[in-house]
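> For reference, the sequence and a predicted model appear below.
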Amino acid sequence: MKYAYFLKGWEEEMLETTVLAQNESSIEEFIRNVKKRNVQLLANKTAPIMGWCNTYVPEEIILAAGIIPYRIMGAPGPLILSKTYLCGNICGNVQSLLECALRGDYKFLDGMIIGASTDATKKLFDSWLRYAGTPFNHLFDIPKFVHEGVYLHYRESINSLSEEIEAHFGNKITESSLKEAISTCNKTRTLLTILSNLRKNEKPPVSSQKMLEICKLAMISDKKFFNNELESLLSKMKIANIKSSAYRILLTGSFQDQPWLLESIEENNALVVCEDLCTGLRYYIGLVDEDVEPIEAITKRYIEKKPPSATMISFDQRADFIFKLINEFKVDGVIYHMLKFDDPYLFEFPDMREFLESKSVPMLRIETEYTTSAMGQIKTRLQAFMETLRFTKYRKIKANKNGQVYQKIRI
């Protein structure tokens, strides 16, 4: 009988492993299909393509004008051309964006919208305007503080953007086209949220690296095609009933669109189950109300419903949101990643550390260049942090067994 018991357990484990493999195969097929469509889109342009950066830029306005929104991102590699125009103490992501533009990576763009969230992005716009050669350029002003006048401020930014797009491209943005664009973007957000929520399971059916890649594709693809493909993928996804001893990590902080940090974390018996990043939850959480006047609804979504970034100087709102994620995704520890010279997150970190300590949540701060610098040092710190999580988890279990209240000590 005991052999039958072990055989049954082995069969169940093999079945669950097969489920994981099937999920991976479905995800790879989805990514191939969307990438193939993107290649066709760029080769046979049937509509103008508008570059944008910063998740406070409303894609709905771009779509409503019959234009394809395309989030620009940097690329790993040395910064050579951009150093001619930007000083060295500017965020590496901003420098990499200009580097890509100067070497011709974004020649296919018909326009560019840069969100003015920091001084660095304003300098990026100045250089882009003079040297990138995009036919249409717009600096989208973003509020820096959540207060009573912020709605009027953001609404005026939307109106200014709409007027300039209409004047340049000759496409009228109507209430009907706005409603259709809102519906399309809401569907993208809803589908990404459903996929992300699957990671609340003990063994997530989608890895952090694949989730990052899917989210990036959502920002640069034909949204209707992307939505259809993602809907099909979700219908195929299955949950594997596998226990996992890996530590569950929430990653927050600066812009991150490269997989190397996620890979480094997960090499150390850890799973990144949630990303509070501009290439993560901050992009797709929060829907536009489709029953309200379109411009008002878009304004409320980006100011009230979208998870705030550190540039909005709304720490209490950010702290509450992150603690909610910690509970929902059963997070063991938080990794706070900062790019060098990314001032909003450098300034926010002390408050976030104090807040998480008050909640007994272990946190590791990592500060890097945009590219993979000092990998040896980062890996050593990650290993030490996992040891901290192991010890913290052991003390929690021991305290619970003894009926004691667990209290975190600083390690």
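Done, it's in. If you're wondering where the values come from, they're calculated on a predicted model, not measured in any experiment.

> can you tell me which helix or strand Ser26 belongs to?
Element membership for Ser26 (DSSP states H and E) is helix 2-43.

> any idea which helix or strand comes after that helix?
strand 49-53.

> how close does Gly133 get to Met112?
10 Å (CB to CB, to the nearest Å). In short, each C-beta sits where N, CA and C put it, glycine included.

> So for these two, which sits in the more crowded spot?
Using other CB atoms under 10 Å as the criterion, Gly133 and Met112 rank with Met112 on top: 25 against 15.

> Name all residues that make contact with that one.
By CB atoms under 8 Å, 6 or more residues apart in numbering, Met112 lies in contact with Met50, Gly51, Trp52, Ile72, Tyr106, Trp128, Ala132, Thr134, Phe136, Asn137, His138.

> Report the beta-bridge partners for the first one.
Bridge pairing for Met50 (DSSP bridges) gives the partners Pro69, Gly111.

> ok, now which ones touch it?
With CB under 8 Å, 6+ apart, Met50 has these contacts: Ile62, Ile67, Ile68, Pro69, Tyr70, Leu109, Asp110, Gly111, Met112, Ile113, Phe136.

> Relative to Ile80, how far out is the residue nearest to the third one when sequence neighbours are not counted?
Computed as CB to CB, 6 or more residues apart in numbering, the closest residue to Ile68 that is not its neighbour in sequence is Ile49, at 4.8 Å. Taking CB to CB as the measure, Ile49 and Ile80 are separated by 26 Å.

> low-scoring pLDDT stretches of the stretch 151-300 of the chain, where are they?
Confidence mapping of the stretch 151-300 of the chain against pLDDT under 70 gives the ranges 240-242.

> For it, just list every one of the strands.
247-253, 270-276 (DSSP state E, counting those that start in this stretch).

> quick one: Thr252 and Leu281 touch, right?
No. Thr252 lies out of contact with Leu281 (CB atoms under 8 Å); the separation is 9.3 Å.

> In the stretch 201-350 of the chain, mark out all the helices, start to finish.
Applying DSSP state H, counting those that start in this stretch to the stretch 201-350 of the chain gives helices spanning 208-220, 223-236, 260-266, 281-284, 294-300, 315-328, 343-358.

> Take these and write them to TSV, including distance to Gly376.
Listed next are those as TSV, based on distance: least, CB to CB, whole Å:
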stretch	distance to Gly376
helix 208-220	21
helix 223-236	37
helix 260-266	11
helix 281-284	30
helix 294-300	46
helix 315-328	29
helix 343-358	23
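
> Out of the ones you listed, flag the one nearest His153.
helix 294-300 (9.4 Å; CB to CB).

> From the chain's centroid, how far away is that closest one?
Once both centres are worked out by CA atoms, centre = their mean, to the nearest Å, helix 294-300 turns out to sit 22 Å from its chain's centre.

> In that helix, which residues are buried?
By neighbour count on 16 or more other CB atoms under 10 Å, the buried set for helix 294-300 is Pro294, Ile295, Ala297, Ile298, Thr299, Lys300.

> Against which helices or strands is that helix packed?
helix 59-64, helix 150-169, helix 175-197 (3 or more CB pairs under 8 Å, 6 or more residues apart in numbering; DSSP states H and E).

> With just CA atoms, put the second one into PDB.
Coordinates of the C-alpha atoms in helix 150-169 are reproduced here as PDB (Å, rounded to 0.1, in the frame of the first residue of the first chain):
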ATOM      1  CA  VAL A 150      -4.800  68.600 -10.000                       C
ATOM      2  CA  TYR A 151      -7.900  67.600 -12.100                       C
ATOM      3  CA  LEU A 152      -8.100  70.900 -13.900                       C
ATOM      4  CA  HIS A 153      -4.300  70.700 -14.500                       C
ATOM      5  CA  TYR A 154      -4.400  67.300 -16.000                       C
ATOM      6  CA  ARG A 155      -7.600  68.100 -18.000                       C
ATOM      7  CA  GLU A 156      -5.800  71.100 -19.600                       C
ATOM      8  CA  SER A 157      -2.800  68.900 -20.500                       C
ATOM      9  CA  ILE A 158      -5.200  66.500 -22.300                       C
ATOM     10  CA  ASN A 159      -6.900  69.300 -24.100                       C
ATOM     11  CA  SER A 160      -3.600  70.800 -25.200                       C
ATOM     12  CA  LEU A 161      -2.400  67.400 -26.500                       C
ATOM     13  CA  SER A 162      -5.700  66.700 -28.300                       C
ATOM     14  CA  GLU A 163      -5.600  70.100 -30.100                       C
ATOM     15  CA  GLU A 164      -2.000  69.700 -31.200                       C
ATOM     16  CA  ILE A 165      -2.600  66.100 -32.500                       C
ATOM     17  CA  GLU A 166      -5.700  67.200 -34.400                       C
ATOM     18  CA  ALA A 167      -3.800  70.200 -36.000                       C
ATOM     19  CA  HIS A 168      -0.800  68.100 -37.000                       C
ATOM     20  CA  PHE A 169      -2.400  64.900 -38.200                       C
END
